[in-house]
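In: Got a sequence here, can you build the structure:
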Amino acid sequence: MAWFYLVLAGLFEIGWAVGLKYTVGFTRLLPSLWTLAAMALSFMLLSQALKTLPIGTAYAIWTGIGAAGTALFGMLFLGEPREVARLLCLLLILAGIAGLKMSA
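Out: Modelled structure (predicted):
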């Protein structure tokens, strides 16, 4: 169950990272509320995962899911560059996540 919590926490991290763009400095109410709720859920789920997973592994995977997912969201939906170098770097992040999962 801890791994499920961790993946879900990572997905909510993507949600709040993307949400920050739409808050316009927390001046827009609904995007700000979504972002704050996603932050709270992400941290709550991460804390549940940390009850049984090693902190270094869990934190690295949580941030990796958030970073890679947010970058992919930007490329797919916000018109951010899809250069080969960026995609290769995302693959490195994903490889690191997979390696940490296999070694935990």
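
In: neighbouring contacts of the helix or strand containing Phe43?
Out: Here Phe43 sits within helix 29-49, counting by DSSP states H and E. With contact meaning CB atoms under 8 Å, 6 or more residues apart in numbering, helix 29-49 is reached by 2-3, 5-6, 8-10, 12-13, 15-16, 19-20, 22-24, 26, 58-59, 62. (C-beta placed from N, C-alpha, C; glycine too.)

In: and Val24, how many neighbours?
Out: 10 (other CB atoms under 10 Å).

In: burial count for the closest residue to it other than its chain neighbours?
Out: Spatial nearest neighbour of Val24, excluding adjacent residues (CB to CB, 6 or more residues apart in numbering): Pro31 at 7.6 Å. Around Pro31 there are 17 other residues, counting by other CB under 10 Å.

In: so where does Glu13 fall, helix or strand?
Out: Using DSSP H and E, Glu13 falls in helix 2-23.

In: Export that helix to PDB, keeping only CA atoms.
Out: C-alpha atoms of helix 2-23 as PDB (Å, rounded to 0.1, in the frame of the first residue of the first chain):
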ATOM      1  CA  ALA A   2       2.900   2.400   0.700                       C
ATOM      2  CA  TRP A   3       3.900   2.300  -3.000                       C
ATOM      3  CA  PHE A   4       0.400   3.200  -4.000                       C
ATOM      4  CA  TYR A   5       0.400   6.100  -1.600                       C
ATOM      5  CA  LEU A   6       3.800   7.200  -3.000                       C
ATOM      6  CA  VAL A   7       2.700   7.100  -6.600                       C
ATOM      7  CA  LEU A   8      -0.600   9.000  -5.800                       C
ATOM      8  CA  ALA A   9       1.400  11.600  -3.800                       C
ATOM      9  CA  GLY A  10       3.600  12.100  -6.900                       C
ATOM     10  CA  LEU A  11       0.600  12.600  -9.100                       C
ATOM     11  CA  PHE A  12      -0.800  15.200  -6.700                       C
ATOM     12  CA  GLU A  13       2.600  16.800  -6.800                       C
ATOM     13  CA  ILE A  14       2.200  17.200 -10.600                       C
ATOM     14  CA  GLY A  15      -1.200  18.600 -10.000                       C
ATOM     15  CA  TRP A  16       0.000  21.300  -7.600                       C
ATOM     16  CA  ALA A  17       3.100  22.100  -9.700                       C
ATOM     17  CA  VAL A  18       0.900  22.700 -12.700                       C
ATOM     18  CA  GLY A  19      -1.700  24.400 -10.600                       C
ATOM     19  CA  LEU A  20       0.900  27.000  -9.500                       C
ATOM     20  CA  LYS A  21       1.000  28.300 -13.100                       C
ATOM     21  CA  TYR A  22      -2.700  29.000 -13.100                       C
ATOM     22  CA  THR A  23      -2.900  30.700  -9.600                       C
END
